[in-house]
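Visitor: Sharing a model that was predicted from the sequence below.
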Amino acid sequence: MNTISIDQPVPIYTLAQDPVLEGELFSMLQVEEHLAHRSELLLPHRKDYYLLAFVRRGSSRHWVDMTPYVTKDNSFYVFAPNQLIVKEEPKPLWGTALAFTTEFLALQENAALAKLPLIHNPQNAHELLLTNADATFVDDLLTKIYAEYCRPGEWQQRMVTAYLTVLLTYLSRLYTDQFESNTLSVDKLMLKKYQLTIDEHFRELHQVSEYASLLHVSAGYLSEVVKSQSGRPAIVHIHERLVLETKRLLFHTQHSLKEIAFDLGFADASYFSRFFKRETGLTPAEYRAVTREMYQ
């Protein structure tokens, strides 16, 4: 099995380098029981293109800019260029994905698409929840786009652009309905700062009070804001980041549990093993064996 170094820089994938989509300006894929490609699983990475995904069914977990999401049935997900993405769980998904580059949006016939709320994304949103009627409409449009995508010819580009314009316009209306009234309040900005600070210091800082000091607020205030804005205690965000990094190292490296524990700031490997099992239900050795078996 190939391994990676602990300090490997975050890669940036172009659409042409995507292990599944493999396109130049525009690409599309329908998936049935699809698993994350092994090269991306548990590896922080960025994409230099837009990725839009309609999930018909599936509950896979992923992170975008250090915010965790569990995909929901009949939901639409938007990944913008250069966001930090981590695919955490190798669970199957059913749905449709389409991807396009900024060069695709720069084409004269597509220029108006870049100004749509869904693409401009002023609220930094990621997840659109669809009603049954919305899901049926979106699914039908994606089926039409995919049919044209698979039918080369002189009318292909015009048909894809026409259907894509309807799709993104429809989703932009849903976007404004769901997010237009939202504002980036002081509390939301504090949550974002907390998450970004965890990502920078999770190896050496494991307590909420330590992050509060870095953010120049009291631990009580930070805990209250994080809980109100995320719905989860502040300590959970720290633990989740530690677990995510542990999974990455167990899957992609041959490091021993003691080496991983030391790298993540734990002096006692036995305590670290108990921490991981408490958070995941598996020992580190069990997790390493199970996930690697999936990708043999």
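Guide: Here it is on my side, so go on. Every value quoted in this text rests on a predicted model; they were computed, and no experiment measured them. Numbering: from 1, shown residues only.

Visitor: burial count for P9?
Guide: Summarising burial for P9: neighbours were counted as other C-beta atoms under 10 Å, giving 7. Where C-beta positions appear, they are placed from N, C-alpha and C, glycine not excepted.

Visitor: Please apply the same query to H216.
Guide: 6.

Visitor: cool, V10 as well?
Guide: Quick note: V10 (other C-beta under 10 Å) scores 11 neighbours.

Visitor: Tell me the spacing between it and F275.
Guide: 25 Å (C-beta to C-beta, to the nearest Å).

Visitor: in which helix or strand would I find A147?
Guide: helix 132-149 (DSSP states H and E).

Visitor: Could you give the separation of stretch 66-80 from the chain centroid?
Guide: Distance of stretch 66-80 from the chain centroid (C-alpha atoms, centre = their mean, to the nearest Å) equals 7 Å.

Visitor: Check which residues of that stretch are buried.
Guide: Neighbour-count burial for stretch 66-80, counted by 16 or more other C-beta atoms under 10 Å, picks out 66-68, 71, 74-80.

Visitor: Next, format those as TSV and append pLDDT, distance to S59 and secondary structure.
Guide: Putting the buried residues of stretch 66-80 into TSV (pLDDT from 0 to 100; distance: C-beta to C-beta, whole Å; DSSP: H, G, I helix; E, B strand; the rest coil) gives the following:
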residue	pLDDT	distance to S59	secondary structure
M66	89	20	coil
T67	91	17	strand
P68	93	13	strand
T71	95	6	coil
N74	96	12	coil
S75	97	11	strand
F76	97	15	strand
Y77	98	13	strand
V78	97	19	strand
F79	97	18	strand
A80	95	23	coil
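
Visitor: between the residues you listed, which is nearest A111?
Guide: A80 (17.7 Å; C-beta to C-beta).

Visitor: The closest one touches N121, doesn't it?
Guide: Yes. Taking contacts as C-beta atoms under 8 Å, A80 lies within contact range of N121: 6.0 Å.

Visitor: Quick check: the two most widely separated of the buried residues of stretch 66-80?
Guide: M66 and N74 (25.8 Å).

Visitor: re earlier: name the nearest of the buried residues of stretch 66-80 relative to F104.
Guide: A80 (13.9 Å).

Visitor: Need phi/psi at that closest one.
Guide: Dihedral pair for A80: phi -90, psi 160, per degrees, to the nearest 10.

Visitor: And the one 4 residues further on, by the same measure?
Guide: As for L84, its main-chain torsions (degrees, to the nearest 10) stand at phi -80, psi 120.

Visitor: do the same with S218
Guide: According to degrees, to the nearest 10, S218 has phi -80, psi 160.

Visitor: and the closest residue to it other than its chain neighbours, how far is that from F26?
Guide: By the measure of C-beta to C-beta, 6 or more residues apart in numbering, the closest residue to S218 outside its immediate chain neighbours is A212, 6.0 Å from it. Between A212 and F26 the computed distance is 46 Å (C-beta to C-beta).

Visitor: And those two? Which one has more around it.
Guide: Looking at A212 and F26 with other C-beta under 10 Å, you find the greater number of neighbours at F26, namely 23 against 19.

Visitor: That one contacts F100, correct?
Guide: Yes. Using C-beta under 8 Å, F26 makes contact with F100 at a distance of 4.6 Å.

Visitor: to the chain's geometric centre, what's the distance from the longest helix along the chain?
Guide: Using DSSP state H to define each element, the chain has its longest helix at helix 156-179. Centre-to-centre, helix 156-179 and its host chain are 22 Å apart (C-alpha atoms, centre = their mean).

Visitor: Quick one: list the elements packing against it.
Guide: Here helix 156-179 touches helix 117-120, strand 127-129, helix 132-149, going by 3 or more C-beta pairs under 8 Å, 6 or more residues apart in numbering; DSSP states H and E.

Visitor: again, 6 Å this time
Guide: helix 117-120, helix 132-149 (3 or more C-beta pairs under 6 Å, 6 or more residues apart in numbering; DSSP states H and E).

Visitor: Which strands and helices lie in contact with whichever helix or strand comes after it?
Guide: Sequence-wise, the next helix or strand beyond helix 156-179 is helix 186-201, with elements assigned using DSSP H and E. Here helix 186-201 touches helix 219-230, helix 234-252, going by 3+ C-beta pairs under 6 Å, 6+ apart.

Visitor: Burial check on the residue nearest to L250 when sequence neighbours are not counted, number of neighbours?
Guide: Spatially, and ignoring its direct neighbours in sequence, L250 is nearest to R288 (4.4 Å; C-beta to C-beta, 6+ apart). Applying other C-beta under 10 Å, we find 19 residues neighbouring R288.
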